[in-house]
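Engineer: my questions concern the predicted model and sequence given below.
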Amino acid sequence: MNNIQTNAIPYIPNIGKLPVNQRNTLLIEQGFTGDINVINWKEYNYQPTVKFYLAHDNSNLFVYYLVDEDNVRATYLNDNDAVWEDSCVEAFFSTNIEKEYYNFEFSCIGTALAACGENRQDRKHWDDDKMKKIQRYTSLNKSIVGVDNLHAEWWLQAVIPMDLIGIKKGECFYANFYKCGDSTKQPHFLSWNAINTPQPDFHQPKFFGCFSLD
């Protein structure tokens, strides 16, 4: 692990019972805060402004992204499509980086991809029933699909049941957070924790940071 510091994710009771905008405010005020601003591959030097916030309520992990981005792209409408080609934010989690890890990828309009496996090639996508358990809320909608040269300040909130990914209070887990847009006009691959590989590759658990739940 290249980040030995353990980052504490705050407990916010009853946050899941609040309206989405109130949750967003609490996450900014009380949540763990991080910047997704590491340019790991110099040939991809476009850098949108991206922050993320984390909290939990003992049942769900709340992940809130704030993005300021040029040339926003939205094309995919169905879960487990190639959302990483659109304007996309991502969160990868593992309770044991020597074994499997989970990748959650969200386009700017809330289309999601979720999968699990031990490496980049060995991924098993979640079925529809599991995908429905991942709540997503976003400031953008399908009206922007196909719109060119759009600059937007947008947000996305994802609510992920902790029992689906094995995260428990009192136990450390590992994660990294990303912003990408492989097929946008300015392709970019930003991370929270730095990645040391020759080519863009977010599927690198050895570069995850360490977290625990307050």
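Structural biologist: Thanks, I have it.
Engineer: sheet partners, orientation included, of the helix or strand harbouring residue 102?
Structural biologist: Using DSSP states H and E, residue 102 maps to strand 101-107. Strands that pair with strand 101-107, judged by DSSP bridges, come out as strand 88-94 (antiparallel), strand 112-117 (antiparallel).
Engineer: can you say which of those strands is nearest to residue 165?
Structural biologist: Checking the strands paired with strand 101-107 against residue 165 by C-beta to C-beta gives strand 88-94 as the closest, at 5.3 Å. C-beta here means a position set from N, CA and C on the backbone, and glycine is covered the same way.
Engineer: residues making contact with the closest one?
Structural biologist: For strand 88-94, the external contacting residues (C-beta atoms under 8 Å, 6 or more residues apart in numbering) are 36, 50, 52, 63, 65, 67, 84, 100-108, 156, 158, 160, 165, 167, 173-181, 202-203, 205, 208.
Engineer: for the protein, what spans make up the helices?
Structural biologist: In the chain, the helices defined using DSSP state H lie at 20-30, 128-131.
Engineer: buried stuff in the first one?
Structural biologist: Yep, that's helix 20-30 we're talking about. For helix 20-30, a neighbour-count test (16 or more other C-beta atoms under 10 Å) marks 23, 24, 26, 27 as buried.
Engineer: tabulate the residues you listed in TSV, adding columns for distance to residue 57.
Structural biologist: Formatted as TSV, these follow (distance: C-beta to C-beta, whole Å):
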residue	distance to residue 57
23	10
24	15
26	11
27	11
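Engineer: just flag the most distant two among those.
Structural biologist: Across those, no pair lies farther apart than 24 and 26, at 7.4 Å, counting by C-beta to C-beta.
Engineer: okay, and the common contacts of those two?
Structural biologist: Between them, residue 24 and residue 26 share no contacting residue, judged by C-beta under 8 Å, 6+ apart.
Engineer: sorry, back to before: the contacts of strand 88-94, buried ones only, as a PyMOL selection?
Structural biologist: To isolate the buried ones among the contacts of strand 88-94 in PyMOL, judged by 16+ other C-beta under 10 Å, type:
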select buried, resi 36+50+52+63+65+67+84+100+101+102+103+104+105+106+107+108+156+158+160+165+167+173+174+175+176+177+178+179+180+181+202+205+208
